[in-house]
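**Student:** From the sequence below, what's the structure:
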Amino acid sequence: MTNCNLCGSVYLYLIVKDTKTGEEELNALWLEVEILTDIKYLNRKIPPKVSDQFSDEANKAIENLKDLNQRINNRNDVRSLFRMQRELKDESEMSPEMYLW
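**Tutor:** Numbering: from 1, shown residues only. As a prediction, this is how the structure comes out:
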């Protein structure tokens, strides 16, 4: 059990690592970072930086968040590239450079 510094209530929290999607795991890690740093992040697109002001556990959670965010971005990039290549194949002789224009 933990006291929430944001709202003052007592709660039990669990961070689930084996979630169904990367987005669910990302949300769980954001929640963990917010709890450990006592900061509510409104912009969840950019993870916070590791800081001496945070505990080692919070810094580890921030690193895990950055790693997961990078994996999700890499997966999205691969999907975009595959989709572009498939469309190029359908449109025949257009080069990837021309496609991006």
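
**Student:** shaky segments in this structure?
**Tutor:** 1-20, 90-101 (pLDDT under 70).

**Student:** Longest helix in it, please.
**Tutor:** helix 56-91 (DSSP state H).

**Student:** buried set for that helix?
**Tutor:** 58, 59, 61, 62, 64, 65, 66, 68, 69 (16 or more other Cβ atoms under 10 Å). C-beta: built from backbone N, CA, C; applies to glycine.

**Student:** contacting residues around the fourth one?
**Tutor:** So the one you mean is residue 62. By Cβ atoms under 8 Å, 6 or more residues apart in numbering, residue 62 lies in contact with 33, 37, 47, 48, 49, 50, 54.

**Student:** In contact with the first one, which residues?
**Tutor:** For residue 33, the contacting residues are 41, 47, 48, 58, 61, 62, 65, taking Cβ under 8 Å, 6+ apart as the criterion.

**Student:** which among those gets closest to residue 73?
**Tutor:** Using Cβ to Cβ, residue 47 comes nearest to residue 73 of the contacts of residue 33, at 11.5 Å.

**Student:** Can you name the residues that contact the closest one?
**Tutor:** Shown in contact with residue 47 (Cβ under 8 Å, 6+ apart): 33, 62, 65, 66, 69.
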